[in-house]
Each structure stands twice: as C-alpha cells, then as structure tokens.
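1. Provided below are the primary sequence and the corresponding predicted coordinates.
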Amino acid sequence: MDTAKYLERIGFEGRVGNDYETLCRLQYCHLSTVPYENLDILAGIPLRLDSESLFEKIVTARRGGYCFELNGAFGALLRALGFEVTDCMARFLKGETAVPMRRHRVLRVRCADGLFLCDAGVGMVSPVHPVRLDTDAEQFIGGEVYKITKDAFFGTIIHQCFEGVWDRFFAFTDEPQLDIDYVMPSFYCEKHPDSIFNKTAMLAILNPYGGKHSVSGDTLTWWDENGKHKTTLEDDRARREAYRTYFGLSPETYSGAGK
C-alpha cells in the first residue's frame, strides 16, 4: 500500500493520527473524491477484489466502484495507516419487507478513542462520517440522524431518521471476512438477472452543497449553490461529459463502460 498516493488521490492533507478526527476526515475525503459507480459491471468487466487490484483501479486509474470495491480499498488504507479494521458482511435493509441476502461490505474500525462503523460504499444518502458503535444515543452526522440497536439475528442495526420517521438502513454481524469472502456475493451482483447493479448506470459522489451528485439510468442529479437540479442525459456524449464533470471519470479509464 502506497499510502502517500492513496492520500493524494482522496485529497487528504495534514496529520494522520489514530483517532476519530482523522477517521472522519479520511471517510469524508473518500466519499468526496472516489465515486460510487457500476460501469465495469455494465461493460461485463469482471471485478477483482484483492487489495492490489483495488489500489490499481481506484488510486492509479482514478476510478470508483461499489461497496465490495470501495470499502475493500478504504479498509486497506486504514490498516496501512495503523487503524484496527474488521471487514464485515451486511444486509441492506432499507426498503426491504423480507430478510434480504448479505450483499453489502462494511468496516468496523477501532481507533484510540472508540469503535466505529465506516462505510464509503453507499450510493444513496449515508453517514458522511463514521458512526459510533459504543452508544445507543442518536447521532447527528452530516445533517442526518442515525442510531444503533442490537438484534440477536441481524447483529448491529444502523437506523436512519427521515422526516421524523426511523427506518432500518442496514445491519451487520461481527465475524471477520476476507477479500475472498466477497467474491461470491459480488458475482451475484455482477451477473444475476435479479441484481439491480447490472441493469443501468448507477453513480454517486458527495458534493459540498449538501447532497450527492448522482446518475440513475439517464437521469443526472447535480447540486450547486442554488440547490438540487435534474437533467436527462440524452446520448453517450452527454453521459461521458457528466461522468467527467461530476464524478471525475475520464472516458479512457472505463473503456466505454456505461454506454
């Protein structure tokens, strides 16, 4: 792990300590510079989840990825910087009425001043800073409110409050996972006909105006000082320009993916 190159990729500057303040800055920088995107999946390019391949894609090629890639790379960076990291498997519960399969990768991170959930791999609104795991108090993070509960089956459940209503976001259990443990669920997400990830373009990145720039299919949502805007990407040229402008993705790096 070349930590200097990774920190340059995410625009992190200043002191690196083994503390919550550093962890907050690292996660925010990651969410602000490395996009959530599924362009390789749409192009039929197999994903590689080992740390070296993730570094090559995200840092060297300046690409993004989805949860198995983004949190895999972010976790490797945190370990290299001296944090105690456990990769965990999670169930994404938001909007689900039945128990869903485990298909989300999250990080349980211990530093000098606490135990936290770190997640740089969600496209929708999510905690921009780590969520403290050693309290059941409500946590105000980036304009949103979250809380933690425990369940005998689901393990640790992250709840998100939206317009005054609490909703389960996702849940994870504590048993450690290896890179290879994510190959099977990732393959499902890449190839299975029921997967949402192989149907249409899905991109998102945190912006400084209070939300996330995002693409869902042909719809671009973007933010500026005047708030949120939406537009339709009419053709491949418009898509490529949007990917470059809002997500920092050069067409040369994704080989026509996302057409």
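-> Noted; the coordinates are in hand. Numbering: from 1, shown residues only.

2. and Val165, how many neighbours?
-> Per other Cβ atoms under 10 Å, the neighbour tally for Val165 reads 7. Backbone N, C-alpha and C define where each C-beta goes, glycine included.

3. would you mind measuring from it to Phe154?
-> 19 Å (Cβ to Cβ, to the nearest Å).

4. just Met202 next, same as before
-> 25 Å.

5. who's more crowded, those two?
-> Legend: neighbour count by other Cβ under 10 Å for Met202 and Phe154, higher for Met202 (21 against 17).

6. residues in contact with the closest residue to the more buried one other than its chain neighbours?
-> The shortest distance from Met202 to any non-neighbouring residue, by Cβ to Cβ, 6 or more residues apart in numbering, is to Asn38 (4.9 Å). Residues in contact with Asn38 (Cβ atoms under 8 Å, 6 or more residues apart in numbering) are Tyr66, Phe197, Asn198, Ala201, Met202, Leu203.

7. could you do Ser186 as well?
-> Here Ser186 is in contact with Leu47, Leu49, Phe68 (Cβ under 8 Å, 6+ apart).

8. please apply the same query to Pro46.
-> Glu190.

9. for Gly64, same thing?
-> By Cβ under 8 Å, 6+ apart, Gly64 lies in contact with Val34, Pro35, Tyr36, Glu37, Ile58, Leu70, Leu203, Ile205, Phe247, Leu249.

10. got these as TSV, with distance to Gly95 and secondary structure columns?
-> Below are the contacts of Gly64 laid out as TSV (distance: Cβ to Cβ, whole Å; DSSP: H, G, I helix; E, B strand; the rest coil):
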residue	distance to Gly95	secondary structure
Val34	25	coil
Pro35	22	coil
Tyr36	17	strand
Glu37	21	strand
Ile58	28	helix
Leu70	21	helix
Leu203	20	strand
Ile205	22	strand
Phe247	24	helix
Leu249	27	coil
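
11. ok, those residues vs Ala76, which is closest?
-> Ala76 has its nearest neighbour among the contacts of Gly64 in Ile58, at 10.0 Å by Cβ to Cβ.

12. what's near enough to touch that closest one?
-> Contacts of Ile58 (Cβ under 8 Å, 6+ apart): Arg9, Val34, Gly64, Gly65, Glu69, Leu70, Ala73.

13. and the pLDDT for Met202?
-> Per-residue pLDDT puts Met202 at 97.

14. got it, and Thr253?
-> So Thr253 comes in at 84 (pLDDT).

15. now swap in Leu220 and tell me
-> 98.

16. mind checking how far whichever strand or helix holds it is from the chain centre?
-> Under the criterion of DSSP states H and E, Leu220 resides in strand 219-224. How far strand 219-224 lies from its chain's middle: 18 Å, per Cα atoms, centre = their mean, to the nearest Å.
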